[in-house]
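In: Turn this into a structure:
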Amino acid sequence: MSEIIYEVSDPVATITLNRPERMNAMTNSLFRDFRAAIDTAAADPDVVGIVVTGTGRAFSAGLDTDALAAIAEAGSSRDSGEPQPGRGGLFSYLTEVPKPIIAAVNGVVAGGGYVLATMCDLRIGSPAARFTSVFSKRGLVAEHGVTWTTPRLVGLGRAMDLLWTSRMIDADEAYRIGLLEFLADDPVAEARRYIEELAKTVSPTSMADTKRMVWDHAGLDIDTALDDVVDVVSAQFGRPDIAEGVNSFLEKRPPAFPRLGSAEAHPPHP
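Out: Numbers count the residues shown, from 1 in each chain. Purely as a prediction, here's the structure:
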C-alpha cells in the first residue's frame, strides 16, 4: 500500500493518502489500496472509528493527471478505469461501512477529494483546509453523488453555488456553511480524540445502526423511515448492549460495550 499509510492504534484506524508530491492525487492503485484498508478496518474489533487524511499540503486534489487525460480521451469518467462501487459512485461504499468515518481535512480538497470528504460521516478541518468541487471547470457535471451529499450538508442554494462555480472556499467559510462540522489546528488529533470518546461511552452496534438509518432515511418518506426504526428497535432487545448500558449507569462506571467484529457483539440490523 505504497500510496496510502494504514495505521491502527486502538480504537482508531488512520488511513493517510500518501502522494504528497502530487497533492495526494488519486490513481487506480490508490483506489484499490484505500478500499482494502477500509475493509480491513471495518472487520477489525480493535477499530471503533476510522480517520481519513492526507500527507503534505493537500487532503486530495482529485484524480491524477493521467486519469484526467483518460477521461478527456474517453469522454466519460466511467471509462477511466475507476472502480465502480455498488451504489454507482466513487466512495459511496463509505456510507455502508458500519463504523464512523471522519475526514481530517488538512489542506486542499478538490474533485475526487471533494467526493471522498463529503462521503465521510463527519469532517474536521484545519485552518489550511480549502474546498472546490472543480467538476464544472473541467467540463464535467458534478458527479459521484456530490449533488446528493452537498445539498444535505449546506442547503440547496449554497450547493448550487459551490457546484456551479467550482469556486474555492476556505476553512472558515466551509465551517460557516456546514461543509465542515468542526475546526481544529490538528484535525487528525481532534478526530482521534472524538473517536476515543465514542469508544469510551457509546455502543458500537448502536452507532452502526444509527449511521445506516441516517444515510438511508435521507432518501425515504417519514412513514417508511419510522417503519424501519421500529424494526431496528425490536432487534436491539436481543443484544447485550442494553443491559450493559443500563448496568453501567446504575453502577456508576464506564460502559464496556462489545466491539463490532468481536465474539460478543451482535451484528447491526441490516
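In: rest of the way, CA atoms for contacts and neighbours
Out: Will do.
In: Can you give me the pLDDT of the nearest residue to E264 once chain neighbours are set aside?
Out: Distance criterion C-alpha to C-alpha, 6 or more residues apart in numbering; nearest residue to E264, sequence neighbours excluded, is P258 at 5.8 Å. The score at P258 is 91. That number is its pLDDT.
In: With G155 instead?
Out: According to the prediction, G155 has pLDDT 96.
In: how many neighbours does it have?
Out: For G155, the neighbour count with other C-alpha atoms under 10 Å is 14.
In: Give me the distance between it and K137.
Out: Distance of G155 to K137, computed by C-alpha to C-alpha, to the nearest Å: 22 Å.
In: repeat for D33
Out: 28 Å.
In: okay, these two: which has more neighbours?
Out: Taking neighbours as other C-alpha under 10 Å, D33 and K137 compare with D33 leading, 20 against 13.
In: Wait, a strand at that one?
Out: No - D33: not assigned to a strand; according to DSSP: H, G, I helix; E, B strand; the rest coil it is helix.
In: That one and G49: what is the separation?
Out: From D33 to G49 the distance is 18 Å (C-alpha to C-alpha).
In: now swap in A61 and tell me
Out: Here the criterion is C-alpha to C-alpha. By it, A61 lies 24 Å from G49.
In: who's in contact with stretch 3-16?
Out: Identification of contacts with stretch 3-16 by C-alpha atoms under 8 Å, 6 or more residues apart in numbering yields 17-19, 29-30, 33-34, 37, 41, 46-55, 192, 195-196, 199.
In: Give the rounded mean pLDDT of that stretch.
Out: Stretch 3-16 shows a mean pLDDT of 97.
In: same check, this time on stretch 117-136
Out: On average, the pLDDT along stretch 117-136 is 96.
In: Ok, stretch 94-103 next?
Out: Mean pLDDT, stretch 94-103: 97.
In: Now tell me which helix or strand of the chain has the poorest mean pLDDT.
Out: Of all helical and strand segments in the chain, the minimum by mean pLDDT, DSSP states H and E falls on helix 65-74, at a mean of 61.
In: I figured G245 hits K252, correct?
Out: No - between G245 and K252 there is no contact under C-alpha atoms under 8 Å: 10.6 Å.
In: residue boundaries of the strands in the stretch 101-250 of the chain?
Out: The residue ranges that make up the strands of the stretch 101-250 of the chain, judged by DSSP state E, counting those that start in this stretch, are 101-105, 108-110, 122-125, 130-132, 169-170, 182-183.
In: What is the fifth one packed up against?
Out: Contacting strand 169-170 under the criterion 3 or more C-alpha pairs under 8 Å, 6 or more residues apart in numbering; DSSP states H and E are the following elements: strand 130-132.
In: do the same with the second one
Out: In this structure, strand 108-110 packs against strand 58-60, strand 130-132, with contacts taken as 3+ C-alpha pairs under 8 Å, 6+ apart.
In: Among those, which comes closest to G219?
Out: strand 130-132 (25.3 Å; C-alpha to C-alpha).
In: quick one: contacts of the closest one?
Out: With C-alpha under 8 Å, 6+ apart as the test, strand 130-132 has contacts from 107-111, 114, 162, 166-171, 174.
In: Buried ones only from those residues, please, as a PyMOL command.
Out: Command for PyMOL that selects the buried part of those, burial taken from 16 or more other C-alpha atoms under 10 Å:
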select buried, resi 107+108+109+110+111+114+162+166+168+169+170+171+174
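In: From the contacts of strand 130-132, pick the one nearest S92.
Out: Among these, Y114 lies closest to S92 (C-alpha to C-alpha), at 12.4 Å.
In: since we're on the closest residue to the closest one other than its chain neighbours, how many residues are nearby?
Out: Excluding the flanking residues, the one nearest Y114 by C-alpha to C-alpha, 6+ apart is S133, at 5.8 Å. Per other C-alpha under 10 Å, the neighbour tally for S133 reads 27.
In: Assess the claim that S133 and A159 are in contact.
Out: No - using C-alpha under 8 Å, S133 is not in contact with A159; the gap is 10.2 Å.
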